[in-house]
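Colleague: return a 3D structure for these sequence lines:
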Amino acid sequence: MGQKLKITGWVAAGAVAGVLTTVSLQTVARGSLAPLPLEELQQLAAVFGMVKSDYVEPVDEKKLISDAISGMVAGLDPHSQYFDKKSFKEFREGTTGRFVGVGIEISQEDGLIKVVSPIEGSPAFRAGLKPNDLITKIDDTAVRGLSLNEAVKRMRGEANTKVLLTIFRKDESRTFPVTITREEIRTQSVRGKIMEPGYGWIRLSQFQERTVDDFVKKVEDLYKEDPNLKGLVLDLRNDPGGLLDAAVAVSSAFLPENVTVVTTDGQLAESKSVYKAAPEFYQRRSGSDPLRNLPAALKNVPLVVLVNEGSASASEIVAGALQDHKRAVVMGSQTFGKGSVQTVRPLGPDTGLKITTARYYTPSGTSIQAKGIVPNVLVDESAEGSPFAALRMREADLEKHLASGQGPETKDPEREKARDEARKRLEEEAKKPPQDRKTPEFGTDKDFPLMQALNRLKGQPVLVSKTQVIVENKDEKKEN
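Modeller: Got it, this is the predicted structure:
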């Protein structure tokens, strides 16, 4: 425990702005600070005074200071951020997996909002909304033209307030209104099922406060349904991260006790930490070991971990730990490459500062930052390949991203060429009818990477990618 990061709150991990990041929430008194640059601070005060007195119209002093702090922090790297009252509230909602809304998972289709699934027991579930329903209006606002985030904001609100949704149900060819009363929703970050006798699938969409408990329950349910599991697929595709203790717990569920899961290193003494597969590194205060009831067979069941470009931070920690300890075969595409740690420190009752304080490393000492996890077996998104993968943003593409710390980065001149080709394919794809553009849902028999993972577990041939190129640092490869 001597090396374990001492925190007064909680630790989290995730991908890019708008998504959770690797975080420790702390209230720490800074004892020794370097001398302040007085001349520059005087300039800052002078600029503040000039803007306040000379600008063409009056400015809000508090907003001016807030914007100055935001600009200072944003200049560091893509993940450091100043939280005002609103963004701090949204950040905390994201880590708890709780929010006030109607309770539906949504996506976009043909400019409208599509119901992927109502969350069981939610107001939307009780109101009878079904998968594939299309939302055409939210209150008096037409949905066409709204972004997904804008639609989400309009459907969320205060508890016990009402929202009117206009629904088009395609299979019944009818449009009808539904009035739903908002309430607190707990998101479901764990799904799973028996794919076929002997083989299970568990998908983690995010690492939240309830994820470990839900993961344990899902594993117990799978073993009750099929006590003789021959193989399991842990699906981390498009998982942006979340709470670090949840990632350590999920890794520990499969690993031998006390092996290293992840290490962190930075300037501060408390950022130099080793997290191991032991209860004291993931259990909550005054709580018991959440993994205590897991079937013993889980430690040895053959395991495949599915990842893609959308797998980031906490999901990269899990994939890296299971890969380094040779506990699982990692399949899919090279991951996002978000390997930095952010500490969130409250600045007051409802504002805070999220600042990068460390990098994290897999058990073998490899930095994931700006590189990601390279799968043992590269698999495309479909039998036809991964035509749009080149368009996905990675950590190394973000402006002012933190370097890996293990050698200079090398740029791939072929990447932009691949992106141009992918953009052209996307334009052609957009011309097709909506029904021909659907991406198979994760967890179905049309889920190509999942089918290849099951083939691997069963010892059958796997259709590996013939086109994927690994983005790597050549100098870093020589050093390691």
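
Colleague: tell me where the stretch 251-400 of the chain has helices.
Modeller: 314-324 (DSSP state H, counting those that start in this stretch).

Colleague: can you pull out the low-pLDDT segments for the protein?
Modeller: The model of the chain has pLDDT under 70 over residues 1-34, 93-97, 120, 386-394, 397, 399-400, 406-440, 469, 471-480.

Colleague: now the angle from the longest strand anywhere in it to helix 314-324?
Modeller: If you go by DSSP state E, the chain has its longest strand at strand 352-361. Here strand 352-361 runs at an angle of 10 degrees relative to helix 314-324 (axes from the mean of the first three to the mean of the last three C-alpha atoms, to 10 degrees).

Colleague: helices or strands next to strand 352-361 in the packing?
Modeller: On a contact count with 3 or more C-beta pairs under 8 Å, 6 or more residues apart in numbering; DSSP states H and E, strand 352-361 meets helix 61-74, strand 81-83, helix 85-96, strand 260-265, strand 340-346. Using the backbone N, CA and C atoms, a C-beta is placed for each residue, glycine as well.

Colleague: in the longest one, what's buried?
Modeller: By neighbour count, with 16 or more other C-beta atoms under 10 Å as the criterion, the buried positions of helix 61-74 are residue 73.

Colleague: contacts for it?
Modeller: Helix 61-74 has contacts (C-beta atoms under 8 Å, 6 or more residues apart in numbering) with 44, 48, 51, 52, 80, 81, 82, 84, 353, 354, 355.

Colleague: sorry, back to before: want to throw the helices and strands packed on strand 352-361 into TSV with distance to residue 190?
Modeller: Formatted as TSV, the helices and strands packed on strand 352-361 follow (distance: least, C-beta to C-beta, whole Å):
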stretch	distance to residue 190
helix 61-74	33
strand 81-83	27
helix 85-96	15
strand 260-265	19
strand 340-346	24
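
Colleague: quick check: residue 401 touching residue 76?
Modeller: No: contact criterion C-beta atoms under 8 Å: residue 401 and residue 76 do not qualify, at 10.7 Å.

Colleague: more neighbours, those two?
Modeller: residue 401 (20 against 13; other C-beta atoms under 10 Å).

Colleague: so the more buried one, which state does it fall into?
Modeller: coil (DSSP: H, G, I helix; E, B strand; the rest coil).

Colleague: you'd agree residue 149 is in a strand?
Modeller: No: secondary structure assignment places residue 149 outside any strand; it is helix (three-state DSSP).

Colleague: and the gap between it and residue 316?
Modeller: 24 Å (C-beta to C-beta, to the nearest Å).

Colleague: of these two, which one has the most company?
Modeller: More crowded of residue 149 and residue 316, by other C-beta under 10 Å: residue 316, with 32 against 9.

Colleague: got the contact list for the more buried one?
Modeller: 241, 307, 335, 336, 337, 338, 339, 368, 372, 373.

Colleague: what do you get if the cut-off is 10 Å, keeping everything else the same?
Modeller: 13, 15, 22, 236, 239, 241, 247, 262, 307, 335-339, 360, 362, 368-369, 371-373, 395 (C-beta atoms under 10 Å, 6 or more residues apart in numbering).

Colleague: buried ones among those residues?
Modeller: 13, 15, 22, 236, 239, 241, 247, 262, 307, 335-339, 360, 362, 368-369, 371-373, 395.

Colleague: so among the contacts of helix 61-74, which ones count as buried?
Modeller: 80, 81, 82, 84, 353, 354, 355.

Colleague: the fifth one and residue 217: what is the separation?
Modeller: Taken as C-beta to C-beta, the spacing of residue 353 relative to residue 217 amounts to 36 Å.

Colleague: and the last one, by the same measure?
Modeller: From residue 355 across to residue 217, the span is 36 Å (C-beta to C-beta).

Colleague: cool, and the third one?
Modeller: Using C-beta to C-beta, one gets 38 Å for the distance from residue 82 to residue 217.

Colleague: what do you get for the fourth one?
Modeller: Between residue 84 and residue 217 the distance is 37 Å, computed by C-beta to C-beta.

Colleague: do the same with residue 152
Modeller: 27 Å.

Colleague: ok, residue 315 next?
Modeller: With C-beta to C-beta as the criterion, residue 315 and residue 217 are 20 Å apart.

Colleague: same deal with residue 284?
Modeller: 16 Å.

Colleague: what would the contacts of helix 61-74 look like in CSV with distance to residue 210?
Modeller: CSV is the format used below for these (distance: C-beta to C-beta, whole Å):
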residue, distance to residue 210
44, 43
48, 44
51, 46
52, 47
80, 28
81, 25
82, 28
84, 27
353, 27
354, 22
355, 27
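
Colleague: of these, closest to residue 268?
Modeller: Within the contacts of helix 61-74, the smallest distance to residue 268 is 10.7 Å, found for residue 355 (C-beta to C-beta).
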